[in-house]
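*Asks:* my questions are about this predicted structure, shown below with the sequence.
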Amino acid sequence: MHPSKAAKNLSSLLRSAIKTTASKPDDASLKQFVGSLDTFSSSSPTTSTAHKRSTKSHSKASVSNAFSDLAIKSFKIYAPLYPGNTSLPSLILLPKAKMGQLHVFFFPLMAHGHMIPTLDIAKLFAARGVKSTIITTPMNVHFFQKSVERTNQMGFEMGILTLEFPAAAVGLPEGCESADQLTSDDMFPKFIKAVTMLQYPLERILDEVRPDYLVADIIFPWATEVAAKFNIPRLVFHGTSFFALCASENMRLYKPQGEVSSDDEPFLVPDLPHQIKLTKMQLSEDERDGSESDFMKLRIKAKESELSSYGVIANSFYELETEYADYYRNVLKRRAWHIGPVSLCNREVEDKAHRVSHKHIVYVFLQGVLLIDFPGSAYL
């Protein structure tokens with residue numbers, strides 16, 4: 001299908017899917033919708049498209065500018081309930097979606113390695129006429145702000161909703177709202193606990209706004225159940241490849257590490273398209289000894305949540321890992337769509353520069369990039 005024709009039909013495809021049934025849209029329609037994103041993931045909104053949109057009436061431009069202003073500067077915060085916090089969530093001042101326009105929420109984990117691709121995916125949806133709204137916490141708004149403003153200036157619709165992050169309630173320093181800010185191992189369980197407490201404010205925001213779809217990070221297993229309360233399909237974003245998904249799932253199902261007697265003895269990850277060998281030393285401590293830490297329990301819940309969700313979005317492309325994309329769908333029986341590499345939507349220098357944290361040093365050598373990460377600023 002020619003790109004322009006596919007783009008024109010994109011919104012109607014998903015609207016048709018939603019009309020079929022509120023909780024479980026027609027699979028063929030949604031597959032065609034998300035599959036269309038795969039076609040466009042290698043191109044950002046073109047100059048001609050932006051020009052056509054910019055030539056619309058002055059009133060439309062005013063609405064777009066007003067949207068940007070409201071989305072960034074006039075937001076209110078959805079607060080989680082915890083001991084000592086009696087505040088109720090308030091709705092952000094966002095304009096209503098146009099009649100028949102799709103509205104999709106994007107909810108990434110607060111970590112650069114998750115927020116960056118989720119932002120790119122939200123921009124891809126917005127460029128196809130979908131109203132995209134990113135859910136994050138107040139201290140992370142600055143990360144999305146410039147991209148959201150630029151997207152709105154191009155005539156598309158993109159906004160931000162914020163959820164109060166209960167850092168103090170779990171023993172984290174005030175303002176610590178990202179995994180990139182964790183400076184010691186003992187802070188990670190507290191961070192995960194705080195993330196879990198975002199379930200209630202997410203439920204309230206879904207109840208008030210009622211988007212058509214929710215694209216939520218895998219680390220939020222409760223998002224599937226919360227979205228289902230309002231007949232909102234939840235799509236899972238992993239942020240990893242089909243190969244990694246297949247390998248980790250077979251490790252979970254077959255536990256081959258239990259068949260070796262030492263940490264350095266190789267074992268075969270069973271039933272994959274290729275022979276993949278690992279040792280216990282390459283696994284996490286929980287996977288090595290079979291213990292169930294809070295994080296392992298979270299991973300188990302995340303997998304259960306994925307199985308009951310509408311499907312998975314992967315930042316990958318079919319030609320890169322054909323056998324594993326097929327294996328994930330046909331053998332593991334998962335609904336999944338590859339829409340990457342989503343980073344290619346960033347054509348402007350400013351967009352590319354924004355993808356790298358100020359805490360990193362980047363060396364460019366022979367057109368290659370070396371990213372040096374400092375302790376405490378993990379680029380997940």
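*Replies:* That came through, no problem.

*Asks:* okay, helices next: where are they in the stretch 251-380 of the chain?
*Replies:* Ranges of helices in the stretch 251-380 of the chain, per DSSP state H, counting those that start in this stretch, are 285-289, 294-308, 322-326, 349-354.

*Asks:* winner for burial among the ones you listed?
*Replies:* Mean neighbour count, computed with mean count of other C-beta atoms under 10 Å, is highest for helix 322-326 among these, reaching a mean of 17. Heads up, the C-betas are built off the backbone N, CA and C, glycines and all.

*Asks:* which other residues reach it?
*Replies:* Residues outside helix 322-326 that contact it (C-beta atoms under 8 Å, 6 or more residues apart in numbering): 241-243, 245-246, 272-274, 314, 316, 318, 336, 338.

*Asks:* among those residues, which ones are buried?
*Replies:* Among the contacts of helix 322-326, those buried by neighbour count (16 or more other C-beta atoms under 10 Å) are 241-243, 245-246, 272, 314, 316, 336, 338.

*Asks:* can you give me the helices in the stretch 101-250 of the chain?
*Replies:* In the stretch 101-250 of the chain, the helices defined using DSSP H, counting those that start in this stretch lie at 112-127, 141-153, 187-196, 199-209, 222-228, 242-254.

*Asks:* most tightly packed of the ones you listed?
*Replies:* Of those, helix 112-127 is the most buried (mean count of other C-beta under 10 Å), at a mean of 24.

*Asks:* average pLDDT for that helix, rounded please.
*Replies:* Averaged across helix 112-127, the pLDDT comes to 94.

*Asks:* for the residue nearest to Phe242 when sequence neighbours are not counted, give its distance to Ile339.
*Replies:* The spatially closest residue to Phe242, leaving aside those adjacent along the chain, is Tyr324, at 4.1 Å (C-beta to C-beta, 6 or more residues apart in numbering). If you measure Tyr324 against Ile339 using C-beta to C-beta, to the nearest Å, the figure is 16 Å.

*Asks:* circling back: pick the one among the contacts of helix 322-326 closest to Thr137.
*Replies:* When the contacts of helix 322-326 are compared for distance to Thr137 (C-beta to C-beta), Ala314 wins out at 25.2 Å.

*Asks:* list the contacts of that closest one.
*Replies:* Counting by C-beta under 8 Å, 6+ apart, the residues that Ala314 touches are 238, 240-242, 245, 325, 336-340.

*Asks:* can you tell me the closest non-neighbouring residue to it?
*Replies:* Nearest to Ala314 is His338, by C-beta to C-beta, 6+ apart, at 4.9 Å.

*Asks:* residue contacts, the one you found?
*Replies:* 38, 242, 314-318, 325.

*Asks:* closest to Ile205 among those?
*Replies:* Here the nearest of those to Ile205, counting by C-beta to C-beta, is Asn315; it sits at 24.9 Å.

*Asks:* neighbours of that closest one, how many?
*Replies:* 21 (other C-beta atoms under 10 Å).

*Asks:* distance of it from Arg252?
*Replies:* 21 Å.

*Asks:* please apply the same query to Lys229.
*Replies:* From Lys229 over to Arg252 (counting by C-beta to C-beta), the distance is 28 Å.

*Asks:* before we move on, the earlier item: let's have the helices of the stretch 251-380 of the chain in a markdown table, adding mean pLDDT and distance to Glu174.
*Replies:* Below are those laid out as a markdown table (pLDDT from 0 to 100; distance: least, C-beta to C-beta, whole Å):
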| stretch | mean pLDDT | distance to Glu174 |
| --- | --- | --- |
| helix 285-289 | 78 | 30 |
| helix 294-308 | 87 | 23 |
| helix 322-326 | 97 | 43 |
| helix 349-354 | 58 | 26 |
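
*Asks:* do you know which of the ones you listed lies nearest Ala168?
*Replies:* Each of the helices of the stretch 251-380 of the chain was checked against Ala168 via C-beta to C-beta, and the shortest separation belongs to helix 294-308, namely 19.8 Å.

*Asks:* what does the closest one contact?
*Replies:* By C-beta under 8 Å, 6+ apart, the list of residues contacting helix 294-308 from outside reads 188-189, 192-193, 196, 218-225, 236, 249, 252, 286-287, 292, 312, 334.

*Asks:* and for stretch 227-240?
*Replies:* Taking C-beta under 8 Å, 6+ apart as the criterion, the residues outside stretch 227-240 that touch it are 22-25, 108, 113-114, 117-118, 121, 203, 206-207, 210-218, 223-224, 245, 305-306, 309-315.
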